[in-house]
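J.: Sharing a model prediction with you, sequence too.
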Amino acid sequence: MPTCPSPRVVRLNARTLPPDESERSLLATLDAELIEIEGATDAEVLAAGGDADAILIVSAYLRGSVIAALTRCKIISRIGTGVDKIDLDAATRQGIIVNNLPNVFTEEVADHTLALLLAAARQLKFLDREIRQGRRSASLPNLHRLSVQTVGIIGFGLIGRAVARRCRAFGLRVLAHDPDLTPELAAREGVTGADLDTLLAESDYVCPLCPLLPQTRGLLAMPQFRKMKRTAVLVNTGRGELANEDDLAVALKDGVIRYAALDVFGIVNVFGEDGFPTGHPLFKLENVFLTPHVAAVSEEAATDCRRRAAQAVIDVMRGTWPEHVVNPTVRPWFAPGQMSGAVGSEMNRKLHHD
């Protein structure tokens, strides 16, 4: 496929996470017209992106009605991992490739998960408050050696495995629940496979790290919280909507579980330009430790994700399949048989033999 002259590239979330020099420099090699918007509403996305050749997206929504109106778009390139805010079915029907970066934040999210777990385990929020008030508690209930405790990881992908390795280094017993977990993988990673009920019943720390899908939305609600130990801690760096946050607030208030450490939320959009409301009960409870969706943040990751997402746009514009196609059954509307590369060769074979 010949290089598209002056493609129009729309960059969403350009105010909350602006493009950096590496992203701009790469897109400049296409002589691309770069349109930078936030994309807070469907109307704003359509006004700028209706005739876009490519869309780069961080945390905005691309709903089916918007995607159906993208008449020239060849690729939606996610600057990150999760694609639950992109209507993949609509993109596939429209013949638009969707690319993401499944391993770009693995180390950062695993580190932050352990930071939250350790903060909960050592009761750092409580101790910080105590010393600021000139007090030192004589006893600390529920303070235990990690080597006698168990962590349960729901979802054993790249991040789940990275968290497991860190937990094992601290001496924690690790249970893992994932439909794709094989005995061989469990043995190699030093974890024990478990069904969800067993994991909930035996874990001192529960870490949901599975993708947000229709079947995992609200995976942890009051029935599941009641299966957990009363001393258990929920550590969520996956997606806020994996837990029913209203039920979680009640469970924490009523002592169904002891504590929660959260970095992700369905109740608020922490990327809102004007801040976000804090009226939900989770913000009022003392037995909750909160961070504002920063588990994936590091200077290295910030550069890497922008660069790789921009490179995916360049690949498609130049007739090569990008790094990681999320919708591999897509039949691109723009002459897929001419696209090259190792991934492209296999996908082209499938396209021509279906």
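T.: Looks like it arrived, so ask away.

J.: switch to C-alpha atoms for all contacts and neighbour counts from now on
T.: OK.

J.: pLDDT wise, what is H352 at?
T.: pLDDT for H352: 33.

J.: Oh, that last question was meant for E299, not what I typed.
T.: Taking E299 on its own, its pLDDT is 95.

J.: Can you report how many residues neighbour it?
T.: Close neighbours of E299, defined as other CA atoms under 10 Å, add up to 8.

J.: how much space between it and P179?
T.: 34 Å (CA to CA, to the nearest Å).

J.: Also G50?
T.: Where P179 is concerned, G50 sits at a distance of 39 Å (CA to CA).

J.: Of the two, give the one with the bigger neighbour count.
T.: The residue with more neighbours, out of G50 and P179, is G50; 19 against 11, by other CA under 10 Å.

J.: Contacts only, for the more buried one.
T.: A69, L70, T71, R72 (CA atoms under 8 Å, 6 or more residues apart in numbering).

J.: Please indicate which of these are buried?
T.: L70, R72 (16 or more other CA atoms under 10 Å).

J.: my guess is I97 meets R78, correct?
T.: No - if you go by CA atoms under 8 Å, I97 and R78 don't touch, sitting 10.8 Å apart.

J.: Are there residues contacting both of these two? Which ones?
T.: Contacts common to I97 and R78, judged by CA under 8 Å, 6+ apart, are absent.

J.: Tell me which residues touch A201, please.
T.: K227, M228, K229.

J.: Which of the three states applies to the second one?
T.: Assigned with DSSP: H, G, I helix; E, B strand; the rest coil, M228 falls in the coil class.

J.: Could you measure from it over to D31?
T.: 56 Å.

J.: These two: who's more crowded?
T.: Under the neighbour definition other CA under 10 Å, M228 and D31 were set side by side, and M228 has more, 25 against 14.

J.: show me the contacts for the more buried one.
T.: L200, A201, E202, S203, V256, I257.

J.: Closest one of the residues you listed to F334?
T.: Ranked by distance to F334 (CA to CA), the contacts of M228 are led by L200 at 47.9 Å.

J.: Quick check, central residue of this protein?
T.: Geometric centre of the chain, nearest residue: G82, 4.4 Å, by CA atoms, centre = their mean.

J.: in this structure, which spans are helices?
T.: 21-28, 42-49, 64-67, 88-94, 106-121, 124-132, 158-169, 183-189, 196-202, 222-225, 245-253, 299-317, 342-353 (DSSP state H).

J.: now for those, which one comes closest to P277?
T.: helix 245-253 (14.9 Å).

J.: Next, the buried residues of that closest one.
T.: E245, D247, L248, A249, A251, L252, K253.

J.: same thing with stretch 275-292?
T.: For stretch 275-292, using 16+ other CA under 10 Å, the buried residues are L282, N287, V288, F289, L290.

J.: and the residue nearest to C305 when sequence neighbours are not counted, how far is that from F105?
T.: Spatial nearest neighbour of C305, excluding adjacent residues (CA to CA, 6 or more residues apart in numbering): I79 at 5.6 Å. Distance of I79 to F105, computed by CA to CA: 11 Å.

J.: and the two? which has more neighbours close in?
T.: I79 (26 against 23).

J.: For the more buried one, give me its contacts.
T.: L56, I57, V58, N100, L101, C305, R306, R308, A309.

J.: From those, pick the one nearest I267.
T.: V58 (18.6 Å).

J.: Chain neighbours aside, what residue packs nearest to the closest one?
T.: According to CA to CA, 6+ apart, the nearest residue to V58 is I79 (5.0 Å).

J.: Next, the one you found: phi, psi?
T.: Dihedral angles of I79 (phi, psi; degrees, to the nearest 10) stand at phi -90, psi 70.

J.: and it, how far is that from L101?
T.: 7 Å.

J.: what residues do the two have in common as contacts?
T.: C305, R308, A309.

J.: Can you give me the neighbour number for the first one?
T.: Number of residues near C305 (other CA under 10 Å) recorded here: 22.
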